[in-house]
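**Q** Provide a 3D model corresponding to the input given below.
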Amino acid sequence: MIYFIYLVLIKPFLPESIIKKLPPSYKLLPATLLGRLAVDINYKGQGVGTNLLMDALKRSYINSLQIASMAVIVDPLDNEAIAFYNHFGFIELPNSGKMFLPMSQLEQIFNDNFQVKFNFTKYSQLKRPR
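**A** Take a look at the predicted model:
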């Protein structure tokens, strides 16, 4: 279980409805790219992917308070991954194969003193297959 966080510039991929809300002088927009978010097949269906995503989103939000980032970007590999990210509110970026979640949505989730609770104790209960 691992993920990486990168900073990317995304304005060329944004839907027109969002671009209209931005000042015309904003040619490039910083975003956080989550890369390699994956769970071993032996742990699939145990909530590990959800916890991993929530941890990555929380870290992305905290980092956005110090380093400019207007959204989180993911690059789903297949329809199953697209459905997973859709479940969490990610929006498809046209003609890019990528999806994004505005940082304003993460602010609503995590701004309550970062008191969102995750089931990290579940990790200790996972049993490795033999």
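**Q** list the residues that contact the closest residue to Asp75 other than its chain neighbours.
**A** With CB to CB, 6 or more residues apart in numbering as the criterion, Asp75 has its nearest non-adjacent residue at 5.2 Å, and that residue is Lys98. Any C-beta I mention is one placed from the backbone N, CA and C, and that applies to glycine too. By CB atoms under 8 Å, 6 or more residues apart in numbering, the residues touching Lys98 are 13, 73-76, 92.
**Q** please repeat the previous calculation with a cut-off of 7 Å.
**A** 13, 73-75 (CB atoms under 7 Å, 6 or more residues apart in numbering).
**Q** which of these lies closest to Ala56?
**A** For those, the minimum distance to Ala56 (CB to CB) is 9.3 Å, reached by Val74.
**Q** my read: that closest one touches Tyr85, true?
**A** Yes: between Val74 and Tyr85 there is a contact under CB atoms under 7 Å: 5.5 Å.
**Q** any idea how many residues pack against Leu34?
**A** Neighbours of Leu34 under the rule other CB atoms under 10 Å: 21.
**Q** and it, that one's in a strand?
**A** Yes: assessed with DSSP: H, G, I helix; E, B strand; the rest coil, Leu34 lies in a strand.
**Q** pLDDT wise, what is it at?
**A** Here, the pLDDT recorded for Leu34 equals 86.
**Q** now the helix ranked longest in the chain: mean pLDDT?
**A** Longest helix in the chain by number of residues, with DSSP state H as the criterion: helix 48-64. Averaged across helix 48-64, pLDDT comes to 88.
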